[in-house]
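K.L.:
what shape does this take:
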Amino acid sequence: MFGQEGFQNESYVMIPPADFNAATTSSAWIDMSQYGHATVVILVGETIGDTLAVTLDQATTNAGAGSKTLAFTRLMSTGQKLNIDTVVGTFSVGETLTQTGGNSNTAEIYEVANDYLLVRCLTNGTTWTNDAVITGGTSGATAAMNGTGEAENIVLPTYTAPSSTFTIPATTYKSYIIEVDGDSLDVANDYDHFQVDFADPGQSTIMGGIIILKSPRNRGIPMPDALGAQKMTATF
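P.N.:
Residues are numbered from 1 along each chain as shown. All right, here's what the predicted structure looks like:
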């Protein structure tokens, strides 16, 4: 039946929804010894009081033995399509876009077309002000918003890839995706577990997520264990 293949060949580990306004909040330690790939999906909810940094760690056990940073470069996030008109100049990919008047939103430009921009929102929200002026921070190009923004389900890579950490902006209802290959861990030295760490934002921040484990070495129901005796809690 359509759709069963993915469920039978993937495993799912929750990052429990919670207010991350605490000390560092972490996922469970994920055992990658039986999986070739993991997709980390981070979901930002109704409230995000301030920015917060996200890093990955790796270890040799699910208790975090020998913990050290796990570098990653494949990061994406949900974005938006901004329809525009009255364009003056040429916007540049990667520059910061600022709306003057209205909601004063900012965003990073991912793609430029004649009558629209694809962007990753950075501050103040995802609802733009119709007819408000938007300006490119590097190019100086301007345009008028034609609508309030649409297509918030699209997923866009970051313009600049991270090396081992990235900062979630204070923008609600956004998703962030990190791709982790099993061989990116220090397997030569028996590092086969990883964890997602969220820095304390210092203000109320409602978040959660899921870690999708793929490419199992053995397939079946149930899928190979990735947690051992760990119990699900809001903070590991």
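K.L.:
ok, the residue lying closest to Phe20 once chain neighbours are set aside to Ser26 distance?
P.N.:
Counting by C-beta to C-beta, 6 or more residues apart in numbering, Phe20 lies nearest to Thr205, which is 4.7 Å off, once chain neighbours are set aside. (C-beta placed from N, C-alpha, C; glycine too.) Distance, Thr205 to Ser26, by C-beta to C-beta, to the nearest Å: 15 Å.
K.L.:
tell me where this protein has helices.
P.N.:
For the chain, the helices defined by DSSP state H cover 4-8.
K.L.:
only C-alpha atoms, please: export the strand ranked longest in it in PDB.
P.N.:
Using DSSP state E, we find that the single longest strand of the chain is strand 35-48. What follows is the C-alpha trace of strand 35-48 in PDB, where atoms were taken according to Å, rounded to 0.1, in the frame of the first residue of the first chain:
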ATOM      1  CA  TYR A  35      21.200   3.300  11.000                       C
ATOM      2  CA  GLY A  36      22.900   5.100   8.100                       C
ATOM      3  CA  HIS A  37      21.200   8.500   8.300                       C
ATOM      4  CA  ALA A  38      19.100  10.700  10.600                       C
ATOM      5  CA  THR A  39      17.000  13.700   9.900                       C
ATOM      6  CA  VAL A  40      16.500  16.100  12.800                       C
ATOM      7  CA  VAL A  41      13.300  18.200  12.500                       C
ATOM      8  CA  ILE A  42      13.000  21.100  15.000                       C
ATOM      9  CA  LEU A  43       9.500  22.700  15.300                       C
ATOM     10  CA  VAL A  44       9.100  26.200  16.800                       C
ATOM     11  CA  GLY A  45       5.600  26.900  18.200                       C
ATOM     12  CA  GLU A  46       3.500  29.900  19.200                       C
ATOM     13  CA  THR A  47       6.100  31.500  21.500                       C
ATOM     14  CA  ILE A  48       9.800  32.000  20.900                       C
END
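K.L.:
partner strands of it and their direction?
P.N.:
Using DSSP bridges, strand 35-48 pairs in its sheet with strand 175-181 (antiparallel), strand 205-216 (antiparallel).
K.L.:
how many neighbours does the residue nearest to Phe20 have?
P.N.:
25 (other C-beta atoms under 10 Å).
K.L.:
how about Ala65?
P.N.:
By other C-beta under 10 Å, neighbour count at Ala65 equals 12.
K.L.:
what does Pro169 give?
P.N.:
21.
K.L.:
now do Val54
P.N.:
Neighbours of Val54 using other C-beta under 10 Å come to 20.
K.L.:
okay, it: pLDDT?
P.N.:
Listed pLDDT for Val54 reads 95.
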